[in-house]
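Chemist: how would this look folded up:
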Amino acid sequence: MLAAIAALSFTTACSDSGGGSTSTNSSRASSTPASAATDADAARITMKNFAFSPVTLTVKAGEKVTVVNDDSAAHTVTASQGGAFDTGSIAGGKSGNFTAPSKAGSYAFTCTFHPNMKGTLTVS
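Modeler: Residues are numbered from 1 along each chain as shown. Model prediction:
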């Protein structure tokens, strides 16, 4: 009887391990959306060493722009004129986003905390 209980426990443990496999497969399934997210992140501004990269970014009207702060200090991406876009404060090591204006044109932007950080968003 004791051997039967031990065998049943072993079988249950093995089936739990199979559940782990299913979880791994789920992770693989979620990697597909991650790939899609990477494609969506093509419109990206990175802030590093108190500079924007790229300095000039071209996007489509209404496109989502991801902003990544790789510095330790907080930064913003703020349109210089007309309030066309503003990320607000993005803490060091964090990210944010904004939607590009719906009107085509060239939009200068800066960091409100560090005015020497400048860039241009071109909307087509």
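Chemist: mind giving me the domain split of this structure?
Modeler: The record's domain parsing of the chain by automatic domain parsing lists 1-40, 44-123.
Chemist: Where does the prediction get shaky in this structure?
Modeler: For the chain, the stretches flagged by pLDDT under 70 are 1-41.
Chemist: would you list every one of the helices in it?
Modeler: Taking DSSP state H as the test, the helices found in the chain are 2-40.
Chemist: Show me what stretch 102-115 is in contact with.
Modeler: If you take CB atoms under 8 Å, 6 or more residues apart in numbering as the criterion, stretch 102-115 is touched by 47, 50, 52, 61-62, 73-81, 84-85, 89, 101, 117-124. For every residue, glycine as well, the C-beta is placed using N, CA and C.
Chemist: again, 6 Å this time
Modeler: Residues outside stretch 102-115 that contact it (CB atoms under 6 Å, 6 or more residues apart in numbering): 50, 61-62, 75-80, 84, 117-124.
Chemist: Could you tell me which of the residues you listed are located in strands?
Modeler: Thr78, Ala79, Lys118, Gly119, Thr120, Leu121, Thr122, Val123 (DSSP state E).
Chemist: shouldn't the last one be in contact with Lys60?
Modeler: No. Under the criterion of CB atoms under 6 Å, Val123 is not in contact with Lys60, lying 7.3 Å apart.
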